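Engineer: Fold the following.
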Amino acid sequence: MRKLILLLFLSFVLVACDEDANDTQDNKDDAENVVDTEQDESAEPAEPVYENVYPLTGIGTNEPIDNRIVGVMVNNHGNARPQTGLSKADVVFEILAEGMITRFLALYHSEQPEVVGPVRSAREYYFDLADRYGALYVYHGAANFVNDMLDDRGIDHIDGAHYDNDGYLFKRESFRVAPHNSYLLFNHVYDIATELGYDVKADHAPMPFLESDEIAAIDGEAASHVEIVYSNNPMEIVEYEYDASTEKYTRYNDREMTVELNTEEPIQVDNILIVETHHEVFDDAGRREIDVYSGGNAYLIQKGKAQQLQWENRDGKIVPVKDGKVVGFVPGKTWINVIPTSPGMQDSVTITGE
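Structural biologist: Have a look, this model is predicted:
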């Protein structure tokens, strides 16, 4: 009887010890799982991998990219503001036309707005830039000699004067007065281009863009506010205000925020490239020749920092250069402001920190 009781007692002790051992192992496993979970939560998320990258923005996509860039001449007269469709442009060149009023060459590729405008007339330096970026060039009207240059040089172009208010490619809006009321119906650009025998598919060479580690290492002077004075009389002042929450710059024209006409969405950009180059008026109408080839002084402004460097025209594209090496853009949208060498950077551009 005593032996039976002893055996039962020993069996109970062994079972209890085995359960304690299992509990200990379970607790150990739970602790390891907690540590692993905490490590996973603190780890940097892996950057997504995309099949393609848009050449003008450096932003990845899994969509096929084979559409051709479309460059549109957009009016920036005071009577043409706010404009429509500027927020969708990947790259915008802002350059003086006649007088001291600027005009835009807006390059569309990654996004395609329904409407763009008001659309204005062609200039040689604009269509030359559009062509060097491989774009279809869309404008409304031009002097005869400009149209002759477009034809003679084989520039793929669409003149809105041939489709004025046809309701398919262009329309006139009643809330504005000509020549500030012609709008491009963007959805039909490729159809018309095809009818004209132009290629609407293209494989565009990419602009230079920074990698993530290079973006984190951007250096330069603090640049929370940028002011570019094209003219004080009449007032033609462009400003960019840095928004640290979005890490983008909001654009202003003549002290008013640049917004989309219908939505009042502000125009925000990731890169501002200010380039200084020679301008020369060559006729009584005030038309200009502008050197977009020789290079010169420049500011590159991104992520709240401004770098003073040079610009060059490489393979048709205007790019920032430092110590002979191309400096990349932050992935996103870019505005390139071209200013005259006289009065030049020192008198035309003011950059301030916080």
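
Engineer: Check Arg288 and give its pLDDT.
Structural biologist: Note for Arg288: predicted pLDDT of 86.

Engineer: Same question for Val281.
Structural biologist: Listed pLDDT for Val281 reads 85.

Engineer: What of the one 3 residues further on?
Structural biologist: Reported pLDDT at Asp284 in the predicted model: 72.

Engineer: what element comes up after the helix or strand of the chain with the lowest mean pLDDT heading to the C-terminus?
Structural biologist: Using mean pLDDT, DSSP states H and E, helix 2-42 stands out as the lowest-scoring helix or strand of the chain, at a mean of 46. As assigned by DSSP states H and E, the chain's next helix or strand after helix 2-42 is strand 52-53.

Engineer: And the helix or strand just after that next one, how far out from the chain middle?
Structural biologist: Counting by DSSP H and E, the next helix or strand C-terminal to strand 52-53 is strand 60-61. The chain centroid and the centroid of strand 60-61 are separated by 14 Å under CA atoms, centre = their mean, to the nearest Å.

Engineer: Report the contact partners of the residue lying closest to Asp66 once chain neighbours are set aside.
Structural biologist: Nearest residue to Asp66 in three dimensions, chain neighbours excluded: Lys201, at 4.9 Å (CB to CB, 6 or more residues apart in numbering). Quick note: C-beta positions are derived from backbone N, CA and C, even for glycine. By CB atoms under 8 Å, 6 or more residues apart in numbering, Lys201 lies in contact with 66-68.

Engineer: if you set the cut-off to 10 Å instead, what comes out?
Structural biologist: Neighbour list for Lys201: 66-68, 190 [criterion: CB atoms under 10 Å, 6 or more residues apart in numbering].

Engineer: Show the pLDDT at it.
Structural biologist: Lys201 is assigned 97 on the pLDDT scale.

Engineer: how about the strands in the stretch 101-250 of the chain?
Structural biologist: Counting by DSSP state E, counting those that start in this stretch, the stretch 101-250 of the chain has strands at residues 102-108, 115-116, 136-139, 157-159, 170-172, 182-185, 221-222, 225-232, 235-243, 248-253.

Engineer: tell me the most buried of the ones you listed?
Structural biologist: Sort the strands of the stretch 101-250 of the chain by mean neighbour count, taking mean count of other CB atoms under 10 Å, and strand 136-139 sits at the top with a mean of 26.

Engineer: before we move on, the earlier item: want to throw the strands of the stretch 101-250 of the chain into CSV with distance to Gln346 and mean pLDDT?
Structural biologist: Formatted as CSV, the strands of the stretch 101-250 of the chain follow (distance: least, CB to CB, whole Å; pLDDT from 0 to 100):
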stretch, distance to Gln346, mean pLDDT
strand 102-108, 20, 97
strand 115-116, 35, 98
strand 136-139, 34, 98
strand 157-159, 37, 98
strand 170-172, 42, 97
strand 182-185, 38, 98
strand 221-222, 15, 96
strand 225-232, 11, 94
strand 235-243, 16, 95
strand 248-253, 22, 98
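
Engineer: Out of these, which is closest to Arg81?
Structural biologist: Set against Arg81 and scored by CB to CB, the strands of the stretch 101-250 of the chain come closest in strand 248-253, at 6.7 Å.

Engineer: Now do that closest one against strand 235-243, angle only.
Structural biologist: Counting by axes from the mean of the first three to the mean of the last three CA atoms, to 10 degrees, strand 248-253 lies at 160 degrees to strand 235-243.

Engineer: Show the subsequent helix or strand relative to strand 248-253.
Structural biologist: Taking DSSP H and E, what comes next after strand 248-253 is strand 256-257.

Engineer: What are the structural domain limits within this structure?
Structural biologist: 52-195, 212-352 (automatic domain parsing).

Engineer: Pick the most deeply packed of those domains.
Structural biologist: When these are compared using mean count of other CB under 10 Å, domain 52-195 is most buried, at a mean of 19.

Engineer: end to end, how far does it reach?
Structural biologist: 29 Å (CA to CA, to the nearest Å).

Engineer: Where does the prediction get shaky in the stretch 201-350 of the chain?
Structural biologist: 285 (pLDDT under 70).

Engineer: switch the cut-off to 80
Structural biologist: Low-confidence segments of the stretch 201-350 of the chain (pLDDT under 80): 233-234, 282-286.

Engineer: what's the closest non-adjacent residue to Tyr54?
Structural biologist: Nearest non-adjacent residue to Tyr54 (CB to CB, 6+ apart): Ser110, at 4.1 Å.

Engineer: May I ask you to confirm that the one you found is in contact with Val70?
Structural biologist: No - using CB atoms under 10 Å, Ser110 makes no contact with Val70, being 11.5 Å away.
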